[in-house]
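Trainee: Curious how this folds, go ahead:
(2 chains)
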Amino acid sequence: ELKVEQNPLFLSMQEGKNYTIYCNYSTTSDRLYWYRQDPGKSLESLFVLLSNGAVKQEGRLMASLDTKARLSTLHITAAVHDLSATYFCAVDPSGTYKYIFGTGTRLKVLA
Amino acid sequence: DSGVTQTPKHLITATGQRVTLRCSPRSGDLSVYWYQQSLDQGLQFLIQYYNGEERAKGNILERFSAQQFPDLHSELNLSSLELGDSALYFCASSVDTSFEKLFFGSGTQLSVL
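Mentor: Modelled structure (predicted):
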(Lines give C-alpha, C1' and ligand atoms only; values in the text may rest on other atoms or scores of the structure.)
Protein backbone atom coordinates (compact mmCIF):
# COMPACT_ATOMS: atom_id res chain seq x y z
CA GLU A 1 0.00 0.00 0.00
CA LEU A 2 1.34 3.40 -0.98
CA LYS A 3 2.17 5.58 1.99
CA VAL A 4 2.89 9.28 1.84
CA GLU A 5 4.20 10.71 5.06
CA GLN A 6 4.99 14.27 5.97
CA ASN A 7 6.92 15.70 8.83
CA PRO A 8 6.46 17.57 10.89
CA LEU A 9 2.70 17.26 11.28
CA PHE A 10 2.54 20.57 13.10
CA LEU A 11 4.89 23.49 12.82
CA SER A 12 4.80 26.74 14.70
CA MET A 13 7.40 29.26 13.63
CA GLN A 14 8.26 32.90 14.05
CA GLU A 15 7.97 35.35 11.20
CA GLY A 16 11.25 35.77 9.38
CA LYS A 17 12.50 32.26 10.11
CA ASN A 18 13.29 29.49 7.63
CA TYR A 19 12.04 25.94 7.80
CA THR A 20 11.62 22.79 5.71
CA ILE A 21 8.72 20.38 5.43
CA TYR A 22 9.54 16.84 4.35
CA CYS A 23 7.47 14.44 2.28
CA ASN A 24 8.43 10.77 2.04
CA TYR A 25 6.63 8.25 -0.12
CA SER A 26 6.86 4.49 -0.25
CA THR A 27 6.68 3.62 -3.94
CA THR A 28 8.34 4.62 -7.18
CA SER A 29 7.01 7.82 -8.65
CA ASP A 30 8.50 10.46 -10.92
CA ARG A 31 5.89 13.01 -10.02
CA LEU A 32 5.00 14.85 -6.87
CA TYR A 33 2.65 17.71 -6.12
CA TRP A 34 2.29 20.24 -3.33
CA TYR A 35 -1.01 21.80 -2.27
CA ARG A 36 -2.09 24.37 0.25
CA GLN A 37 -5.29 24.36 2.27
CA ASP A 38 -6.43 27.37 4.30
CA PRO A 39 -8.68 26.66 7.30
CA GLY A 40 -12.20 25.84 6.19
CA LYS A 41 -11.23 26.12 2.54
CA SER A 42 -10.46 23.89 -0.37
CA LEU A 43 -7.06 22.79 -1.66
CA GLU A 44 -5.03 24.85 -4.09
CA SER A 45 -2.12 23.62 -6.17
CA LEU A 46 1.28 25.11 -5.39
CA PHE A 47 3.85 23.08 -7.30
CA VAL A 48 4.06 20.27 -9.81
CA LEU A 49 7.39 18.38 -9.81
CA LEU A 50 7.73 16.04 -12.75
CA SER A 51 11.24 14.63 -12.62
CA ASN A 52 14.17 13.76 -10.39
CA GLY A 53 16.00 16.91 -9.33
CA ALA A 54 13.09 19.19 -10.20
CA VAL A 55 13.03 22.45 -8.27
CA LYS A 56 10.24 25.01 -8.34
CA GLN A 57 10.03 28.33 -6.53
CA GLU A 58 7.20 30.73 -5.93
CA GLY A 59 7.74 33.65 -3.59
CA ARG A 60 8.95 32.38 -0.21
CA LEU A 61 8.30 28.73 -1.05
CA MET A 62 10.63 26.35 -2.86
CA ALA A 63 9.92 22.71 -3.59
CA SER A 64 12.31 20.00 -4.72
CA LEU A 65 12.11 16.34 -5.63
CA ASP A 66 14.57 13.46 -5.19
CA THR A 67 12.94 10.41 -6.74
CA LYS A 68 15.82 8.11 -5.80
CA ALA A 69 15.34 8.92 -2.13
CA ARG A 70 11.55 9.12 -2.58
CA LEU A 71 11.69 12.47 -0.87
CA SER A 72 10.37 15.94 -1.56
CA THR A 73 10.98 19.06 0.46
CA LEU A 74 9.07 22.31 0.76
CA HIS A 75 11.35 25.05 2.03
CA ILE A 76 9.98 28.21 3.56
CA THR A 77 12.18 31.28 3.52
CA ALA A 78 11.60 34.22 5.86
CA ALA A 79 8.11 33.10 6.82
CA VAL A 80 5.24 35.57 6.97
CA HIS A 81 1.86 35.21 8.66
CA ASP A 82 0.07 34.75 5.32
CA LEU A 83 1.83 31.41 4.87
CA SER A 84 -0.14 29.93 7.78
CA ALA A 85 -2.05 27.00 6.29
CA THR A 86 -1.92 23.23 5.95
CA TYR A 87 0.44 21.94 3.28
CA PHE A 88 -0.03 18.62 1.56
CA CYS A 89 2.18 16.68 -0.77
CA ALA A 90 0.65 14.16 -3.17
CA VAL A 91 1.91 11.34 -5.36
CA ASP A 92 0.36 9.61 -8.35
CA PRO A 93 2.47 6.55 -9.15
CA SER A 94 2.53 5.56 -12.81
CA GLY A 95 -0.12 3.11 -13.84
CA THR A 96 -2.22 3.29 -10.70
CA TYR A 97 -4.39 6.29 -11.60
CA LYS A 98 -4.45 7.02 -7.89
CA TYR A 99 -3.58 10.42 -6.51
CA ILE A 100 -2.59 9.92 -2.88
CA PHE A 101 -2.13 12.76 -0.44
CA GLY A 102 0.22 12.93 2.47
CA THR A 103 -0.74 13.43 6.08
CA GLY A 104 -0.46 17.19 5.83
CA THR A 105 1.68 19.70 7.74
CA ARG A 106 -0.18 22.36 9.64
CA LEU A 107 1.92 25.51 9.63
CA LYS A 108 1.35 28.43 11.94
CA VAL A 109 3.49 31.52 11.52
CA LEU A 110 3.53 33.72 14.58
CA ALA A 111 3.83 37.47 14.19
CA ASP B 1 -12.68 30.02 -8.07
CA SER B 2 -11.33 26.66 -9.30
CA GLY B 3 -14.19 26.09 -11.74
CA VAL B 4 -15.21 22.86 -9.98
CA THR B 5 -18.71 23.03 -8.52
CA GLN B 6 -19.93 20.87 -5.68
CA THR B 7 -23.44 20.73 -4.30
CA PRO B 8 -24.72 20.89 -1.68
CA LYS B 9 -22.23 22.75 0.48
CA HIS B 10 -23.68 21.38 3.68
CA LEU B 11 -25.73 18.28 4.37
CA ILE B 12 -27.18 17.16 7.66
CA THR B 13 -28.81 13.78 7.85
CA ALA B 14 -29.47 10.87 10.18
CA THR B 15 -27.83 7.49 10.56
CA GLY B 16 -29.10 4.89 8.14
CA GLN B 17 -30.01 7.43 5.48
CA ARG B 18 -28.73 7.80 1.93
CA VAL B 19 -27.37 10.96 0.33
CA THR B 20 -26.02 12.01 -3.04
CA LEU B 21 -23.21 14.49 -3.52
CA ARG B 22 -22.80 16.14 -6.88
CA CYS B 23 -19.75 17.46 -8.68
CA SER B 24 -19.38 19.37 -11.93
CA PRO B 25 -15.77 19.42 -13.16
CA ARG B 26 -14.04 22.32 -14.87
CA SER B 27 -14.97 22.77 -18.48
CA GLY B 28 -12.83 20.41 -20.54
CA ASP B 29 -11.68 18.25 -17.66
CA LEU B 30 -12.26 14.54 -18.19
CA SER B 31 -11.07 13.18 -14.84
CA VAL B 32 -12.97 13.42 -11.59
CA TYR B 33 -11.62 12.39 -8.20
CA TRP B 34 -13.46 12.02 -4.91
CA TYR B 35 -11.82 12.47 -1.53
CA GLN B 36 -12.96 12.26 2.06
CA GLN B 37 -11.33 14.56 4.59
CA SER B 38 -11.67 14.00 8.31
CA LEU B 39 -9.55 14.97 11.29
CA ASP B 40 -8.48 11.44 12.14
CA GLN B 41 -8.07 10.00 8.62
CA GLY B 42 -6.72 12.99 6.76
CA LEU B 43 -7.42 13.29 3.04
CA GLN B 44 -8.44 9.86 1.77
CA PHE B 45 -8.66 9.00 -1.92
CA LEU B 46 -11.99 7.33 -2.65
CA ILE B 47 -12.38 6.85 -6.38
CA GLN B 48 -11.43 8.28 -9.76
CA TYR B 49 -13.31 8.44 -13.05
CA TYR B 50 -12.03 9.27 -16.48
CA ASN B 51 -14.44 10.14 -19.27
CA GLY B 52 -17.25 8.13 -17.74
CA GLU B 53 -15.25 5.08 -16.70
CA GLU B 54 -13.97 4.11 -13.28
CA ARG B 55 -10.17 4.20 -13.35
CA ALA B 56 -9.04 3.71 -9.76
CA LYS B 57 -10.46 2.83 -6.42
CA GLY B 58 -9.07 3.79 -3.09
CA ASN B 59 -10.42 3.39 0.40
CA ILE B 60 -14.05 3.52 -0.62
CA LEU B 61 -16.54 1.61 1.50
CA GLU B 62 -18.98 -0.80 -0.12
CA ARG B 63 -21.80 1.44 1.14
CA PHE B 64 -20.45 4.18 -1.10
CA SER B 65 -20.70 4.28 -4.86
CA ALA B 66 -20.03 6.80 -7.56
CA GLN B 67 -20.54 7.37 -11.24
CA GLN B 68 -19.61 9.84 -13.93
CA PHE B 69 -22.27 10.75 -16.44
CA PRO B 70 -21.96 11.47 -20.20
CA ASP B 71 -21.90 15.22 -19.49
CA LEU B 72 -18.91 14.45 -17.19
CA HIS B 73 -20.55 15.49 -13.96
CA SER B 74 -20.16 12.98 -11.16
CA GLU B 75 -22.19 11.84 -8.20
CA LEU B 76 -21.06 10.17 -5.00
CA ASN B 77 -23.74 8.11 -3.30
CA LEU B 78 -23.42 7.34 0.39
CA SER B 79 -25.86 4.87 1.91
CA SER B 80 -26.60 3.35 5.30
CA LEU B 81 -24.86 6.32 6.79
CA GLU B 82 -23.00 6.01 10.06
CA LEU B 83 -21.76 8.65 12.47
CA GLY B 84 -18.22 8.01 11.28
CA ASP B 85 -19.12 9.06 7.75
CA SER B 86 -19.32 12.65 8.90
CA ALA B 87 -16.59 14.41 6.99
CA LEU B 88 -15.78 16.93 4.28
CA TYR B 89 -16.09 15.38 0.84
CA PHE B 90 -14.09 16.95 -1.95
CA CYS B 91 -14.35 16.51 -5.65
CA ALA B 92 -11.41 17.42 -7.87
CA SER B 93 -10.91 17.42 -11.61
CA SER B 94 -8.11 17.46 -14.14
CA VAL B 95 -7.74 17.22 -17.90
CA ASP B 96 -6.13 13.81 -17.84
CA THR B 97 -5.13 11.16 -15.38
CA SER B 98 -1.46 11.95 -14.92
CA PHE B 99 1.06 14.77 -14.87
CA GLU B 100 -1.68 17.14 -13.93
CA LYS B 101 -2.48 19.17 -10.89
CA LEU B 102 -5.95 18.78 -9.52
CA PHE B 103 -8.52 21.53 -9.23
CA PHE B 104 -10.64 21.11 -6.13
CA GLY B 105 -14.22 22.06 -5.47
CA SER B 106 -15.21 23.78 -2.25
CA GLY B 107 -16.42 20.51 -0.73
CA THR B 108 -19.59 19.15 0.83
CA GLN B 109 -19.65 19.08 4.61
CA LEU B 110 -21.64 16.01 5.64
CA SER B 111 -22.90 15.69 9.19
CA VAL B 112 -24.52 12.43 10.21
CA LEU B 113 -26.47 12.74 13.44
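Trainee: Please count neighbours and contacts with C-alpha atoms only from this point.
Mentor: Will do.
Trainee: do you know how far residue B:13 is from residue B:34?
Mentor: Applying Cα to Cα, to the nearest Å, the value for residue B:13 to residue B:34 is 20 Å.
Trainee: More neighbours: which of the two?
Mentor: residue B:34 (25 against 16; other Cα atoms under 10 Å in any protein chain shown).
Trainee: How about chain B: which residue is closest to chain A?
Mentor: Nearest residue of chain B to chain A: residue B:106, at 5.1 Å (Cα to the nearest Cα).
Trainee: Settle this for me: that residue is touching residue B:35, isn't it.
Mentor: No: using Cα atoms under 8 Å, residue B:106 makes no contact with residue B:35, being 11.8 Å away.
Trainee: who touches both of those two?
Mentor: By the contact definition Cα atoms under 8 Å, 6 or more residues apart in numbering or on different chains, residue B:106 and residue B:35 are jointly contacted by residue B:90.
Trainee: Please list all residues in contact with residue A:89.
Mentor: A:4, A:6, A:23, A:32-35, A:101-102, A:104.
Trainee: pretty sure residue A:82 belongs to a helix, no?
Mentor: Yes: Residue A:82 forms part of a helix when assessed by DSSP: H, G, I helix; E, B strand; the rest coil.
Trainee: Grab the nearest non-local neighbour of it.
Mentor: residue A:109 (7.8 Å; Cα to Cα, 6 or more residues apart in numbering or on different chains).
Trainee: Residue A:11 is in contact with residue A:79, correct?
Mentor: No: the pair residue A:79 and residue A:11 does not pass the contact test of Cα under 8 Å, sitting 11.8 Å apart.
Trainee: Looking at those two, which is more packed in?
Mentor: The residue with more neighbours, out of residue A:79 and residue A:11, is residue A:79; 22 against 16, by other Cα under 10 Å.
Trainee: so who does that one touch?
Mentor: Counting by Cα under 8 Å, 6+ apart, residue A:79 touches A:13-18, A:60, A:109.
Trainee: Can you flag which of these belong to strands?
Mentor: Cross-referencing those against strands under DSSP state E gives A:13-14, A:109.
Trainee: Would you mind checking those residues for buried ones?
Mentor: The neighbour-count criterion (16 or more other Cα atoms under 10 Å in any protein chain shown) marks A:13, A:109 among the ones in strands among the contacts of residue A:79 as buried.
Trainee: Out of the ones in strands among the contacts of residue A:79, which is nearest to chain B?
Mentor: residue A:109 (21.1 Å).
Trainee: Pretty sure the closest one sits against residue A:81.
Mentor: Yes: if you go by Cα under 8 Å, residue A:109 and residue A:81 touch, sitting 4.9 Å apart.
Trainee: between those two, what contacts are shared?
Mentor: Overlap of the contact sets of residue A:109 and residue A:81 (by Cα under 8 Å, 6+ apart) consists of residue A:15.
Trainee: State the phi and psi torsions of residue B:44.
Mentor: Phi and psi for residue B:44, reported as degrees, to the nearest 10, are phi -100, psi 130.
Trainee: Surely it touches residue B:33?
Mentor: No: judged on Cα under 8 Å, residue B:44 makes no contact with residue B:33 at a distance of 10.8 Å.
Trainee: returning to that earlier point: could I get the ones in strands among the contacts of residue A:79 as CSV with pLDDT?
Mentor: Shown next, in CSV, are the ones in strands among the contacts of residue A:79 (pLDDT from 0 to 100):
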residue, pLDDT
A:13, 92
A:14, 94
A:109, 96
